[in-house]
Every structure is written in C-alpha cells, then in structure tokens.
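Q: fold the following.
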Amino acid sequence: MHAILEVQIHSMLWLQQFHTHAIDEFFEVFSFFGGQGYSLLIPLVLWCADYRTGLKITGIMAMTLFVNTTLKNWVQAPRPFQVDPRILSPGEQGYSFPSGHAMLVVAYWGTLGAWVQRRAFWWLACAVMLLMATSRVHLGVHFPLDVTVGLLLGGITLWAFLRHQQALEAWLAAHPLAQKISVAFALGAVLFVFNALCVPDPLHEQLNVGAAGFLAGAGAGAALGLQHLSFTGRGVWWKRALRFVVGAVLSRGVLAGMRKLGISEGLIGDVLTALTLAVFGLWITFAMPWLFERIHLSD
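A: Take a look at the predicted model:
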C-alpha cells in the first residue's frame, strides 16, 4: 500500500507542476459544477429539458450521494494535501475515498446520455467525466485511486439504475398514489435509520440525513407530479429560460427561509435537516412545475 501511495503522490506532484492561475481557475470552476453546481444542473434538466429524465437524475443523484458519503465514513481516508504537504490544494472538508465528484458526474451525465442517445453527446459526457476526475486530482483534494474507484462505482450505480428502471416504472404505474408516496417516505426513513446506526461521523451524518430527506420529498413530489401535472419540461426556448430563472430565484428564497429556522444538534437536528431537505425535494419536483403550469410557463 505504501508503494501505491508513493506512486500516486509522485503522479500528483508531476501533474501540479503544470499549474497556472488560468488552469487552476478552470478546474476550480469545473469542480464547483461537480458539487454545489448540481443545485443548478439538476433543475436545468428537470424544468427546462425533460421532466421525467430530471426526476430520474434527481433520484439517482440522491442515492449516489448517500452511498458515497457512507463509504467515505467507513474508509476514512485522508485527503492528499493532508498526507503530503508538497501537494498544493485549496483544501476541502471530509474524507477522500472514494471521490464523490467522480461518482456523481457519472450518475448525472450517464443518465442524461441515456436520454439523449446520441454518440456525439456520449463523447461529450465522457470528456466531462474525465475532466472532472482530472480536476479533483489537480486541485489536490483526491488521489488518482479515489477518482478511478469513484468513476467505477458511479458506473456500477448507473448500470444498475438503467437496468432496472423499466421494472421500477412498471411497478410504480401499477400502484396508487398514496402507496407511491408511502414508499418514498419509507425509503427515506430506512436511510435515516441506517445512517444513525452506521455513519457516526458528524459531517457525513448530516450529508446522509439530508440525502435521505431529499430523496423522500423528491420521490413524493415525483409521484404527485406524474399523476396530477401535464408538465414535460419542454417548450419554446424563452419559456424554458424564464422557468429556470424564476425557479432558481424562488428556490434560493425557499432555502434561505428554511436556513433561518436554525438546525440544532443531535437527533432533533437530524430530523429537522431531513424534513428541510424533504420540503426542498418536494418543492423542485412538484411545487415549481405546478407553479409553471399555473402561470402559463409550461409547454
């Protein structure tokens, strides 16, 4: 293991010798859109491209995040800049292995590629995945092994989702709305309990609590939206653009309002975090599409 670590450190030092301010800025921006930027990229598909594909991306991203943070907590690997001070890095919280950015980029762009179904788009998706992996190594926040395993795990998650999505859709179509909503919240509750029992680290515990709540709310919103709305996410370009702007502004306001409620520590704090993210999941998957229809910004 020591030899493998040394090889990774030397490869990172070699890569970082080519750094310039412009390259660093490029990778930092690119890396942002592989993390917090998904708060914009997911609604972009959900509200402005294809509603059903956006719902799929929402679900697979939440599950991928939960799996990643759980694995990080179990392995508890330090970041590269914490291992060797020669590695330059802006720094980042949490553990290193496996790379969440690498897992999420495969889940997002792979699901999108399965919808687009064009060879040129798959080349673009693969380029984005490779650049994302490179950015994390260049910024010194992940070892090459972290991103390699992250890409592989993201690919396995994507394969499992695409393989079973038709069966899942058939099962959901055969059951009433109340049962679908119950399943969504039951899944969130199971993940919440699993997190409490198996993820003791405070940082990753909060991430998983949020993912569990978001998945429950988004699942309920998806069930409501598919049954009661005619929203598709398509339409003329200016309506799509306006939907994104209106949705982004209102969603940011909702998040800001919920943050003012304050989150306490312990079990009560975990419950409030889960409920807050459940509301947000319901907001982006159902409330905003419902509003778009009411103000005539749908198709």
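
Q: would you mind listing the buried residues in whichever strand or helix holds H10?
A: Following DSSP states H and E, the helix or strand that holds H10 is helix 2-16. By 16 or more other Cβ atoms under 10 Å, the buried positions in helix 2-16 come out as Q8, I9, M12, Q16. (C-beta placed from N, C-alpha, C; glycine too.)

Q: longest helix of this protein?
A: Across the chain, the longest stretch assigned as helix under DSSP state H is helix 144-173.

Q: could you check the angle helix 2-16 makes with that helix?
A: 90 degrees (axes from the mean of the first three to the mean of the last three Cα atoms, to 10 degrees).

Q: neighbours around Q166, how many?
A: Burial of Q166 is recorded as 9 neighbouring residues (other Cβ atoms under 10 Å).

Q: swap in L255?
A: L255 is surrounded by 15 other residues when neighbours are defined as other Cβ under 10 Å.

Q: try G247
A: Residues near G247, counting by other Cβ under 10 Å, number 24.

Q: can you tell me how far the most centrally placed residue in the chain is from L46?
A: When the chain is reduced to its mean C-alpha position, the closest residue under Cα atoms, centre = their mean turns out to be M61, at 3.9 Å. Taken as Cβ to Cβ, to the nearest Å, the spacing of M61 relative to L46 amounts to 11 Å.

Q: same check on T53?
A: From T53 over to L46 the distance is 8 Å, taken as Cβ to Cβ.

Q: so those two - more neighbours on which side?
A: Comparing T53 with L46 by other Cβ under 10 Å, the one with more neighbours is L46, at 29 against 17.

Q: one step back: the residue nearest to the centre of the chain contacts S39, doesn't it?
A: No. With contact defined as Cβ atoms under 8 Å, M61 does not count as touching S39 (10.6 Å).

Q: farthest-separated two in the buried residues of helix 2-16?
A: Comparing every pair within those by Cβ to Cβ identifies Q8 and Q16 as the most remote, at 12.5 Å.

Q: re earlier: overlap in contacts of T53 and L46?
A: G233 (Cβ atoms under 8 Å, 6 or more residues apart in numbering).

Q: what residues are up against the nearest residue to N68 once chain neighbours are set aside?
A: Of all residues beyond its chain neighbours, the one nearest N68 is G100 (4.3 Å), with distances taken as Cβ to Cβ, 6 or more residues apart in numbering. When the contact criterion is Cβ under 8 Å, 6+ apart, the partners of G100 are G35, L65, N68, T69, K72, G150.

Q: for the stretch 101-250 of the chain, give me the ranges with low pLDDT.
A: Applying pLDDT under 70 to the stretch 101-250 of the chain flags the ranges 200-205.

Q: now the helices for it?
A: Ranges of helices within the stretch 101-250 of the chain are 119-138, 144-173, 177-198, 202-228, 237-259, based on DSSP state H, counting those that start in this stretch.

Q: correct me, but A133 touches V106?
A: No. Judged on Cβ under 8 Å, A133 makes no contact with V106 at a distance of 9.6 Å.

Q: the two - which one has more neighbours?
A: Counted by other Cβ under 10 Å, A133 and V106 do not tie: V106 has more neighbours, with 29 against 23.

Q: that one contacts F161, doesn't it?
A: No. When contacts are counted by Cβ under 8 Å, V106 is not listed as touching F161 (10.8 Å).
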